[in-house]
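> Mind folding the following:
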Amino acid sequence: KVDKESKVKDIEHKTAKKQDESQTLTVKSEDLEGTQKELDAALAYFDKLKPSCVDAGVSYEDRVARRKEEIESLQEALKILNGEDIA
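As a prediction, the model looks like this:
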């Protein structure tokens, strides 16, 4: 009789634990689904931005030269604006 009561209580505890675990699994699955949707959206946005961020085939030396020319022209414009003689 005592053995039967302990087994019944054990079954009750295991049933409650199973329900809790099942509920936790459902919540975790929903969280995973939401997170996966966010990741998919972020990756799609990344793929959309990638072409504008990837090097457009211009070498480092070309970019440095172009930047140097731009700086020189800006310095010349600043001299003109300040009224300095550019000759």
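
> distance of residue 39 from residue 27?
Using CB to CB, to the nearest Å, we find residue 39 at a distance of 19 Å from residue 27. All C-beta atoms are positioned from the backbone trio N, CA, C, and that covers glycine.

> try residue 5
For residue 5, the distance to residue 27 - CB to CB - is 33 Å.

> got it, and residue 76?
65 Å.

> separation between residue 10 and residue 42?
According to CB to CB, residue 10 stands 47 Å off from residue 42.

> Residue 79 now?
Distance of residue 79 to residue 42, computed by CB to CB: 47 Å.

> what's the answer for residue 1, then?
Going from residue 1 to residue 42 by CB to CB gives 61 Å.

> Looking at the two, which is more packed in?
Shown here are residue 1 and residue 42; by other CB atoms under 10 Å, residue 42 has more neighbours (10 against 5).

> got the phi/psi numbers for residue 83?
Per-residue torsions, residue 83: phi 80, psi 20 (degrees, to the nearest 10).

> what ranges do the helices span in the chain?
Using DSSP state H, the helices of the chain run over 2-53, 60-82.

> And the shortest one, what's buried?
What that stands for is helix 60-82. Buried positions in helix 60-82, judged by neighbour count with 16 or more other CB atoms under 10 Å: none.

> Just the CA atoms of it, as PDB, please.
In PDB, the C-alpha atoms belonging to helix 60-82 read as follows (Å, rounded to 0.1, in the frame of the first residue of the first chain):
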ATOM      1  CA  TYR A  60      44.700  50.900 -52.200                       C
ATOM      2  CA  GLU A  61      47.300  53.000 -53.900                       C
ATOM      3  CA  ASP A  62      44.700  54.600 -56.200                       C
ATOM      4  CA  ARG A  63      42.500  55.500 -53.300                       C
ATOM      5  CA  VAL A  64      45.400  57.000 -51.400                       C
ATOM      6  CA  ALA A  65      46.400  59.100 -54.500                       C
ATOM      7  CA  ARG A  66      42.900  60.200 -55.000                       C
ATOM      8  CA  ARG A  67      42.500  61.200 -51.400                       C
ATOM      9  CA  LYS A  68      45.800  63.100 -51.500                       C
ATOM     10  CA  GLU A  69      44.700  65.000 -54.600                       C
ATOM     11  CA  GLU A  70      41.400  65.800 -52.800                       C
ATOM     12  CA  ILE A  71      43.200  67.100 -49.700                       C
ATOM     13  CA  GLU A  72      45.500  69.300 -51.900                       C
ATOM     14  CA  SER A  73      42.600  70.800 -53.800                       C
ATOM     15  CA  LEU A  74      40.800  71.500 -50.500                       C
ATOM     16  CA  GLN A  75      43.800  73.200 -49.100                       C
ATOM     17  CA  GLU A  76      44.100  75.300 -52.200                       C
ATOM     18  CA  ALA A  77      40.400  76.200 -51.900                       C
ATOM     19  CA  LEU A  78      40.900  77.200 -48.300                       C
ATOM     20  CA  LYS A  79      43.800  79.400 -49.200                       C
ATOM     21  CA  ILE A  80      41.700  81.100 -51.800                       C
ATOM     22  CA  LEU A  81      38.900  81.600 -49.300                       C
ATOM     23  CA  ASN A  82      41.300  83.100 -46.800                       C
END
